[in-house]
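>>> prediction below, plus the sequence it came from.
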There are 2 protein chains.
Amino acid sequence: MESHEPFLREAIALSKSSMEHGDEPFGSVLVKDGKVILRAENSVFTGHDMTNHAEMNLVKLAAQHYDTAFLADCTLYTSTEPCAMCSGAIYWSGIGRMVFACSETRLGEIAGIGLNVPSRAVLQTGARTVTVVGPTNLEDEAAKVHQEFWPKHLGKA
Amino acid sequence: MESHEPFLREAIALSKSSMEHGDEPFGSVLVKDGKVILRAENSVFTGHDMTNHAEMNLVKLAAQHYDTAFLADCTLYTSTEPCAMCSGAIYWSGIGRMVFACSETRLGEIAGIGLNVPSRAVLQTGARTVTVVGPTNLEDEAAKVHQEFWPKHLGKA
């Protein structure tokens, strides 16, 4: 049976790495035929660009390496549910499936900010189908880095 | 009285230019204190990146040049209502206002494809307010390039 856990764990590890590099804690990987082929972290602060979310960075990297036919058979695994911008980017890229560990709702409870449009609400309006899986049983594991980062970042701790 | 027309006309001119360059017909400008300070066209095909929408390109350019405090007093003018991805990008950038000529509904009637989430539906979920104006009385003028491009592009003419 297909397991999402190893890939979500890699995305969660990237979310921690991102925070250690001075950025917001989000990470994503692109998987094809059971192998990770691309990795991306959030780079909002270090890249001086508020749109440099992990998923957006990964999609832009994927677009430079692969065509939409190839990407249709790929899965984007991400530590936390993509925002409306990133859900849109996934839609336009041609990527066939997206799996997230921590929900946007859970992130909102911790960070209290954001663009709270569920990724499914964005993707279900598209002309092509993107399969969405999540949140998963790794939600608590993925949420840990948010509990560490956001209260400090927002000056609450 | 403030007039949006000159800036929307410049965005519409960029949408035509974009088509002439071999891309999808969309254009945007960024305005501060009544002057255009940045311009961007769609570059999906020539840039080999399906996320290279005019608004996304403009926001990424703006992020490299200005900080969010400066961008709060800027208006992004765009030929056609931004998709969910671009609405999200505008939200994260800190840009204070967005004005579009042609609605997503009108684009959908012509192109029949896309991610049909109204920009207001995305932006109203955010923690900060982005003022949205549109569609305007230039909708027909902005729609012309779509009538020329999409039926041919989608093989209907």
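Good, I have the coordinates.

>>> distance of the nearest residue to A:Leu123 once chain neighbours are set aside relative to chain B?
The shortest distance from A:Leu123 to any non-neighbouring residue, by CB to CB, 6 or more residues apart in numbering or on different chains, is to A:Val130 (4.8 Å). (Glycine included, C-beta is placed from N, CA and C.) Separation of A:Val130 from chain B (CB to the nearest CB, to the nearest Å) stands at 10 Å.

>>> what does the pLDDT read for A:Val130?
For A:Val130, the model assigns a pLDDT of 97.

>>> got the contact list for it?
By CB atoms under 8 Å, 6 or more residues apart in numbering or on different chains, the residues touching A:Val130 are A:Ile90, A:Tyr91, A:Ile95, A:Gly96, A:Arg97, A:Met98, A:Leu123.

>>> where's it relative to A:Arg106, distance?
Remark: distance between A:Val130 and A:Arg106 (CB to CB, to the nearest Å) = 21 Å.

>>> show me where chain A has helices.
Ranges of helices in chain A, per DSSP state H, are A:5-20, A:54-65, A:68-71, A:84-93, A:104-111, A:119-123, A:139-153.

>>> from what I can see A:Thr80 touches A:Leu107, true?
Yes: assessed by CB atoms under 8 Å, A:Thr80 is found in contact with A:Leu107 at 5.4 Å.

>>> grab the most central residue of chain A for me.
Geometric centre of chain A, nearest residue: A:Thr78, 3.4 Å, by CA atoms, centre = their mean.

>>> what residues are bridge-paired with it?
Using DSSP bridges, the bridge partners assigned to A:Thr78 are A:Ser28, A:Phe100.

>>> got a list of what it touches?
Contacts of A:Thr78 (CB under 8 Å, 6+ apart): A:Ala11, A:Phe26, A:Gly27, A:Ser28, A:Val29, A:Ala54, A:Glu55, A:Leu58, A:Met98, A:Val99, A:Phe100, A:Ala101.

>>> against chain B, how distant is it?
15 Å.

>>> go on, A:Glu139?
Where chain B is concerned, A:Glu139 sits at a distance of 21 Å (CB to the nearest CB).

>>> repeat for A:Pro82
9 Å.

>>> hang on, isn't that residue packed against A:Pro118?
No: contact criterion CB under 8 Å: A:Pro82 and A:Pro118 do not qualify, at 9.9 Å.

>>> the two - which one has more neighbours?
Using other CB atoms under 10 Å in any protein chain shown, the more surrounded residue of A:Pro82 and A:Pro118 is A:Pro82, with 31 against 17.

>>> A:Ala143: what's it in contact with?
Taking CB under 8 Å, 6+ apart, one finds A:Cys102, A:Arg106, A:Leu107, A:Ile110 in contact with A:Ala143.

>>> list the buried residues in stretch A:103-114.
A:Ser103, A:Glu104, A:Arg106, A:Leu107, A:Ile110, A:Ala111, A:Gly114 (16 or more other CB atoms under 10 Å in any protein chain shown).

>>> likewise stretch A:128-137?
Here stretch A:128-137 shows A:Val130, A:Val132, A:Gly134, A:Pro135, A:Thr136 as buried, counting by 16+ other CB under 10 Å.

>>> cool, stretch A:28-48 as well?
A:Ser28, A:Val29, A:Leu30, A:Val31, A:Leu38, A:Arg39, A:Ala40, A:Glu41, A:Asn42, A:Ser43, A:Val44, A:Gly47.

>>> again, but for stretch A:147-157
A:Phe149, A:Trp150.

>>> picking up where we left off before, what's the distance between the residue nearest to A:Leu123 and A:Val44?
For A:Val130 relative to A:Val44 (CB to CB), the value is 24 Å.

>>> need the buried residues of stretch A:103-114 in JSON lines (columns: distance to chain B and pLDDT).
Converted to JSON lines, the buried residues of stretch A:103-114 look like this (distance: CB to the nearest CB, whole Å; pLDDT from 0 to 100):
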{"residue": "A:Ser103", "distance to chain B": "15", "pLDDT": "97"}
{"residue": "A:Glu104", "distance to chain B": "10", "pLDDT": "95"}
{"residue": "A:Arg106", "distance to chain B": "16", "pLDDT": "96"}
{"residue": "A:Leu107", "distance to chain B": "13", "pLDDT": "96"}
{"residue": "A:Ile110", "distance to chain B": "14", "pLDDT": "95"}
{"residue": "A:Ala111", "distance to chain B": "10", "pLDDT": "92"}
{"residue": "A:Gly114", "distance to chain B": "7", "pLDDT": "81"}
